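> need a 3D model of the sequence below.
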Amino acid sequence: MIRTADLLRPAFVVSVAAFVAAVAGCSSADPEPEEKKPVESESAFSPGTSSGSSGCGGSSSGGVPCGNTFCGPGQQCCSGMPLLTPTCFDEQYGCPRSQRKVKKDINYLSETEKKGLNDELLGFRLATYRYKTENAEHPTHLGFIIDDIAPSPAVQPSGERVDMYGYVTMSVAALQVQATQIAELRRQVEQLQRERTK
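Here you go, the predicted model:
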């Protein structure tokens, strides 16, 4: 029997946080804001220009303009859905694509694997914080601390930066699991209602 309490856990909050960070193009959970680099990701983007002098959140002195920021050395500007604004990505990966033609070893997640991602995501401790380079007047950031969750699909292999595509995909998996739970609860309620009217 699925408990209603299972549906009230904070996966939705985490999903919203992931979406907001993805739209912003920079993860609030990156350890050093002045050295931020866009994460390796996958989706259908169109390529832009590359090179520059500062990474995500960098200054306007040099660098290639990319939305509201400037791409740093070894980066290029990518734009297109689902991003609402252009975003810098590491040049070695190019503007990431997600078509089947560019992938191999594709394995779709089972319901058990999605449930595992859901459970892992629900265990993320969310926090507000400031970077050590920011003073007390600076607004706090919202996110998770990599040290609390690594290793995780939401963290790049280096263990230093957020894998935003992995983070958002974990959130999608959690939403799918919860949608299945909701459908089962509805079925059970409808069954009880039918039995009461007999």
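> point out where the protein drops to low pLDDT.
Under the criterion pLDDT under 70, the flagged ranges of the chain are 1-62, 81-84, 92-94, 96-97.
> quick one, helices of it?
Shown for the chain, the helices assigned by DSSP state H span residues 11-24, 111-122, 146-149, 164-196.
> tell me the most buried of the ones you listed?
Across the helices of the chain, averaging neighbours per residue (mean count of other C-beta atoms under 10 Å) puts helix 11-24 on top, at a mean of 18. Yep, even glycine has a C-beta here, placed from its N, CA and C like the rest.
> surely residue 77 meets residue 64?
Yes: counting by C-beta atoms under 8 Å, residue 77 does reach residue 64; the two are 6.1 Å apart.
> the two: who's more crowded?
More crowded of residue 77 and residue 64, by other C-beta atoms under 10 Å: residue 77, with 26 against 19.
> please name the nearest non-neighbouring residue to residue 114.
With C-beta to C-beta, 6 or more residues apart in numbering as the measure, residue 173 is the residue that lies nearest to residue 114, at 4.4 Å, once sequence neighbours are left out.
> contact partners for that neighbour?
By C-beta atoms under 8 Å, 6 or more residues apart in numbering, the contact list for residue 173 reads 109, 114, 117, 118, 121.
> count the neighbours of the first one for me.
A count of neighbours around residue 109, defined by other C-beta under 10 Å, yields 13.
> ramachandran coordinates for it?
Geometry field for residue 109 lists phi and psi as phi -70, psi 140, criterion degrees, to the nearest 10.
> now it, nearest residue through space, not along the chain?
On the basis of C-beta to C-beta, 6+ apart, the spatially nearest residue to residue 109 that is not a chain neighbour turns out to be residue 173, at 6.8 Å.
> quick revisit: make CSV out of the helices of the chain and add distance to residue 87.
Putting those into CSV (distance: least, C-beta to C-beta, whole Å) gives the following:
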stretch, distance to residue 87
helix 11-24, 9
helix 111-122, 23
helix 146-149, 20
helix 164-196, 10
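> walk me through the domains of this protein.
Each structural domain of the chain that the record assigns through automatic domain parsing is listed here as a residue range: 1-33+107-198, 43-97.
> nearest to residue 158 among the helices of the chain would be which one?
With C-beta to C-beta as the measure, helix 146-149 is the member of the helices of the chain nearest residue 158 (10.0 Å).
> send me the closest one as CSV with only the CA atoms.
Once side chains and other backbone atoms are set aside, the C-alpha atoms of helix 146-149 remain, and they are given as CSV (Å, rounded to 0.1, in the frame of the first residue of the first chain):
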residue,chain,number,x,y,z
ILE,A,146,28.4,18.7,-3.1
ASP,A,147,30.3,17.3,-0.1
ASP,A,148,26.9,16.0,1.3
ILE,A,149,25.9,13.9,-1.7
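> residues making contact with that helix?
Residues from elsewhere that reach helix 146-149 (C-beta under 8 Å, 6+ apart): 29, 31, 123, 124, 125, 155, 159, 160, 161, 162.
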